[in-house]
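J.: Need coordinates for the below:
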Amino acid sequence: MVLWALLAGVIVLIALTLIAARLSHRRPRGPFAQAQTLIAPESGAVARALQPRLANAPAEKTAVQVLTDPIDALAARLELIGAAEVSLDLQYYLWQNDTAGALMLGAMRKAASRGVRVRLLIDDNGTAGMDRILAALDQMPNIQVRLFNPFPLRRARVLGYLSDFYRLNRRMHNKAMIVDGRIAILGGRNIGSDYFDPRSETGLYMDLDVAVSGPILATTCDQFDLYWNAHSAIPAHLMLGTCPEAEAKALLRDEKNRLSTPEVCAYCDMLSAPERAHRILDPEAEVILAEAQLIYDHPAKIRGMMRGRKLLWQYLIRALGQPKQELVLITPYLVPTRAGVRFLRRVARTGVAIKVLTNSYSATDVPIVHSGYAHRRRAMLRAGLEIYEYAPDAQAEHARGMRPGQFMGSAIKGTSPFSRNKLHAKVFAVDRARVFIGSFNLDPRSMRLNTELGVVIAAPEIAARISDSFAQFIPERAWRVRLGRAQQLRWSRPGQPELKREPGVPWTHRVFLAIAQRLPIEWML
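T.: The predicted model follows:
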C-alpha cells in the first residue's frame with residue numbers, strides 16, 4: 001500500500017512538473033515600444049572631452065583605450081556614467097547583486113535623476129535573485145529595463161528547460177555600454193565584483209575591455225538598438241510585475257548598508273584614487289588611433305534563424321584575415337570540435353605559429369566544458385599548436401614589477417600568493433597586427449547558440465603587446481602541455497617537475513571527464 005502511494009505521489013509530481021513546464025511557454029509577445037539611441041550634441045561634456053583625441057584623426061580611425069586593470073575598468077564605467085548627459089545604454093549577459101553591481105546601479109540611478117535616459121538590456125539567465133531590484137529600477141523615471149530571452153517561471157527556472165529547451169539554451173552573451181552615443185566600453189567583462197575586484201573571495205575573472213570613440217560608435221549604437229527592439233527583448237514590468245514603494249525603499253536601504261562597510265569603502269577609495277580619476281575622458285589620455293570593425297550576431301540567432309556567413313565567427317575569420325606568421329588564441333572555454341582542429345591544422349601547416357591559452361581544469365568554472373577541450377587536446381598538439389593551461393595557484397609575485405598595461409599583468413597584481421583567479425578574456429591576435437577583443441569563445445555555444453559581440457582592431461601596438469606579454473608572462477602562470485615519446489600528455493612549468501597526469505584533477509573527476517568525453521554533448525558546450 002505504501003509503495004502504491006509513493007508511486008502515485010511520484011506520478012502526480014511529474015505531472016505537475018510538466019504542467020508547470022508547459023506554462024513556461026506563456027510569456028508576453030510584442031510588438032513593444034521601439035526606441036533609438038540618443039546622441040548628445042557636440043557641445044556636451046563627453047563630446048568636448050573626446051574632441052582633442054578625434055580632432056586630427058583620419059575619418060576612418062577609431063580612438064581606442066585598453067582597459068586591462070580590473071579596478072580601472074570599473075572606475076572607467078563609473079566615470080562615464082557620471083559624465084552622461086543624454087543617454088546610457090547597457091547590454092550585459094550577467095549582472096551580479098554585489099558591490100560592483102550595486103555601485104553601477106547607484107550611478108545609473110543618479111544619472112536618471114538628472115534627466116539621462118537609461119536603457120538596461122540584460123540576458124535573463126544572469127538575473128537570478130534580482131527580480132525585485134530590477135522591478136524597482138524599471139519603475140524609476142527615465143529608466144527602462146528589458147530582459148532578453150526571459151524565463152517566465154521566475155522561481156523554478158529550471159522547469160522551463162523541460163518544455164522549452166531549444167529557446168532557453170540560447171543566450172545573449174554580448175557586453176556593451178554606450179554613453180551619450182559618443183563613447184562605448186566593449187569587451188568580455190560582465191558586471192560584478194568577480195570581474196572588477198582582485199580581492200573577490202571567489203577569485204577574479206581576468207579579462208580585457210576597450211573604450212572606443214569615433215566612427216565605430218554609429219555601428220555600436222545600431223547594434224544596441226537592434227537588440228533592444230528585438231522580438232526576444234521583453235519589458236521587465238511584464239515579467240516581474242511592480243515593486244511596492246515600501247519594498248523599493250527597503251531595497252535601497254539594504255544596498256546603502258552593504259556599500260557602507262569598511263571593506264567596500266576601501267574599495268571605493270581605490271576606484272576614486274587620483275591616478276584613476278578622469279582617466280577615461282582625460283584629454284591627455286593615451287589612446288591608439290586605428291581602424292576598428294564591430295562584429296556581432298543578429299538577435300534572431302536566439303530563435304535559430306541565422307546561419308552560415310551571417311554568424312559572428314564567419315565575420316571574425318574574414319575580419320582577422322589569413323595569418324601568415326603568428327596566431328595567438330586566448331579563450332577561457334575552448335571546445336574546438338573536429339572541424340576546428342582541422343582548420344587549425346591547415347593554418348599550422350602553412351608555417352604559422354599558433355599559441356593557445358585556456359583554463360586548466362582546476363581554473364575553469366564549468367568543468368563539463370573542459371571535457372570538450374580535453375577530448376581534442378592531443379589532436380591539437382599533433383597539429384603543432386603550442387598549448388598552455390592557466391594555473392590558478394600561480395605565484396602572485398611573478399606579477400610584481402610589471403609595467404601598467406601589460407596584458408593580464410595588472411589583473412593579477414595584488415592577489416593572494418595562491419589565488420583562485422580564472423581566465424575570462426577572449427582575445428585573438430594575428431601577426432602582431434590585428435586583434436579581436438570581445439565576448440566570443442572558441443566553442444560551439446558561441447559559434448551556434450549564443451549571440452556574441454566584439455571588435456577587430458588593426459592596431460600593431462595592441463596586438464604586439466598581447467603577443468609579447470604572452471611570451472614573457474604566460475609560461476610562469478600556466479602549465480605547458482606537450483606530448484611525450486609515447487604520445488602521452490605531459491604538463492610542465494618553469495621550476496617544477498614534469499607531470500604525467502593532469503594537475504588538479506582528482507581520480508573521481510578524471511572518471512567524470514572520461515565519461516563526459518564520450519557523451520554526444522559537444523555541440524552544446
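J.: so where's the chain uncertain?
T.: 1-3, 5, 7-10, 12-26, 394-419 (pLDDT under 70).
J.: Pick out the residue closest to the middle of it.
T.: Gly188 (3.3 Å; C-alpha atoms, centre = their mean).
J.: Could you give the number of residues near the residue lying closest to that residue once chain neighbours are set aside?
T.: Nearest residue to Gly188, sequence neighbours excluded (C-beta to C-beta, 6 or more residues apart in numbering): Asp207, at 4.5 Å. Every residue, glycine included, has its C-beta placed from N, CA and C. When neighbours are counted by other C-beta atoms under 10 Å, Asp207 registers 27.
J.: pretty sure Asp207 contacts Pro70?
T.: Yes. Contact between Asp207 and Pro70 holds when scored by C-beta atoms under 8 Å: they sit 7.5 Å apart.
J.: Which is the succeeding secondary structure element to the longest strand seen in the chain?
T.: As assigned by DSSP state E, the longest strand anywhere in the chain is strand 288-296. For strand 288-296, the following helix or strand on the C-terminal side (DSSP states H and E) is helix 312-320.
J.: Can you name the element that comes right after that next one?
T.: Next in sequence after helix 312-320, counting helices and strands by DSSP H and E, comes strand 326-330.
J.: how far off helix 312-320 does the helix or strand following that next one point, in degrees?
T.: Next helix or strand after strand 326-330 toward the C-terminus (DSSP H and E): helix 337-349. Angle of helix 337-349 versus helix 312-320, following axes from the mean of the first three to the mean of the last three C-alpha atoms, to 10 degrees, is 10 degrees.
J.: Okay, buried residues for helix 337-349 please.
T.: Buried residues in helix 337-349, counted by 16 or more other C-beta atoms under 10 Å: 337, 340-341, 344-345, 347-348.
J.: just curious, which of the residues you listed is nearest to Gln223?
T.: When the buried residues of helix 337-349 are compared for distance to Gln223 (C-beta to C-beta), Gly340 wins out at 26.0 Å.
J.: Could you find the closest non-adjacent residue to the closest one?
T.: Gly340's closest residue in space is Leu442 (C-beta to C-beta, 6+ apart), at 7.0 Å.
J.: separation between that neighbour and Phe428?
T.: 8 Å (C-beta to C-beta, to the nearest Å).
J.: can you check Asn441 too?
T.: Taken as C-beta to C-beta, the span from Asn441 to Phe428 is 11 Å.
J.: OK, contacts around the residue nearest to Gly188?
T.: Counting by C-beta atoms under 8 Å, 6 or more residues apart in numbering, Asp207 touches 70, 73, 187-189, 195, 411, 424-425.
J.: ok, now with 10 Å
T.: If you count contacts by C-beta atoms under 10 Å, 6 or more residues apart in numbering, Asp207 has them with 67-68, 70, 73, 175, 187-190, 194-196, 332, 408, 411, 422-427, 437.
J.: and what of Lys310?
T.: The contact partners of Lys310, taken as C-beta under 10 Å, 6+ apart, are 297-298, 300-301.
J.: right, and the pair among those residues with maximum separation?
T.: So, the contacts of Lys310 by C-beta to C-beta: farthest apart are Asp297 and Ala300, at 8.7 Å.
J.: what residues do these two have in common as contacts?
T.: Common neighbours of Asp297 and Ala300 (C-beta under 10 Å, 6+ apart) are 306, 310, 451.
J.: Using JSON lines, lay out those residues together with distance to Arg378.
T.: As requested, the shared contacts of Asp297 and Ala300 are exported to JSON lines (distance: C-beta to C-beta, whole Å):
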{"residue": "Met306", "distance to Arg378": "33"}
{"residue": "Lys310", "distance to Arg378": "34"}
{"residue": "Thr451", "distance to Arg378": "32"}
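J.: quick one: Gly187 and Val455, what's the gap?
T.: For Gly187, the distance to Val455 (C-beta to C-beta) stands at 8 Å.
J.: Could you pull out the residues contacting both of those two?
T.: Each of 176, 210, 437-438 lies in contact with both Gly187 and Val455 under the rule C-beta under 10 Å, 6+ apart.
J.: Looking at these, which are in strands?
T.: Short answer: these in strands (DSSP E) are 176, 210, 437-438.
J.: what's the most distant pair in the residues you listed?
T.: Ala176 and Ile437 (12.1 Å).
J.: thinking again about what came up before, now, which of the contacts of Asp207 lie within helices?
T.: In this view, the contacts of Asp207 that belong to helices under DSSP state H are 70, 73, 194-196, 411.
J.: and of those residues, the nearest to Leu513?
T.: Nearest to Leu513 among the ones in helices among the contacts of Asp207, with distances taken as C-beta to C-beta, is Asp194, at 24.8 Å.
J.: Does the closest one touch Asn97 like I think?
T.: No. Counting by C-beta atoms under 10 Å, Asn97 is not a contact partner of Asp194; they are 11.9 Å apart.
J.: Look at these two and report which has more neighbours.
T.: Neighbour tally, Asp194 and Asn97, criterion other C-beta under 10 Å: the higher count belongs to Asp194, 23 against 16.
J.: ok, Ala300 - contacts?
T.: Per C-beta under 10 Å, 6+ apart, neighbours of Ala300: 226, 230-232, 306, 310, 451.
J.: any common contacting residues for Ala176 and Ile437?
T.: 186-187, 454-455.
J.: Show only the entries of those residues found in strands.
T.: Reading strands off the shared contacts of Ala176 and Ile437 with DSSP E, I get 186-187, 454-455.
J.: May I see those residues arranged in JSON lines, with distance to Ala471 and neighbour count as well?
T.: Converted to JSON lines, those look like this (distance: C-beta to C-beta, whole Å; neighbours: other C-beta atoms under 10 Å):
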{"residue": "Leu186", "distance to Ala471": "26", "neighbour count": "29"}
{"residue": "Gly187", "distance to Ala471": "22", "neighbour count": "26"}
{"residue": "Gly454", "distance to Ala471": "23", "neighbour count": "28"}
{"residue": "Val455", "distance to Ala471": "24", "neighbour count": "25"}
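J.: one step back: looking at the shared contacts of Gly187 and Val455, which one is closest to Gln472?
T.: Using C-beta to C-beta, Ile437 comes nearest to Gln472 of the shared contacts of Gly187 and Val455, at 19.6 Å.
J.: Run through the residues that contact that closest one.
T.: Counted by C-beta under 10 Å, 6+ apart, Ile437 has contacts 64, 66-67, 186-188, 207-210, 212, 292, 330, 425-429, 454-457, 462, 466.
J.: can we see that at 8 Å?
T.: By C-beta under 8 Å, 6+ apart, the contact list for Ile437 reads 186-188, 208-210, 425-427, 454-455, 457.
J.: Quick check: the gap between it and Ala429.
T.: 10 Å.
J.: got it, and Gly304?
T.: Per C-beta to C-beta, Gly304 is found 32 Å from Ala429.
J.: Looking only at neighbour counts, state which of these two leads.
T.: Taking neighbours as other C-beta under 10 Å, Gly304 and Ala429 compare with Ala429 leading, 28 against 12.
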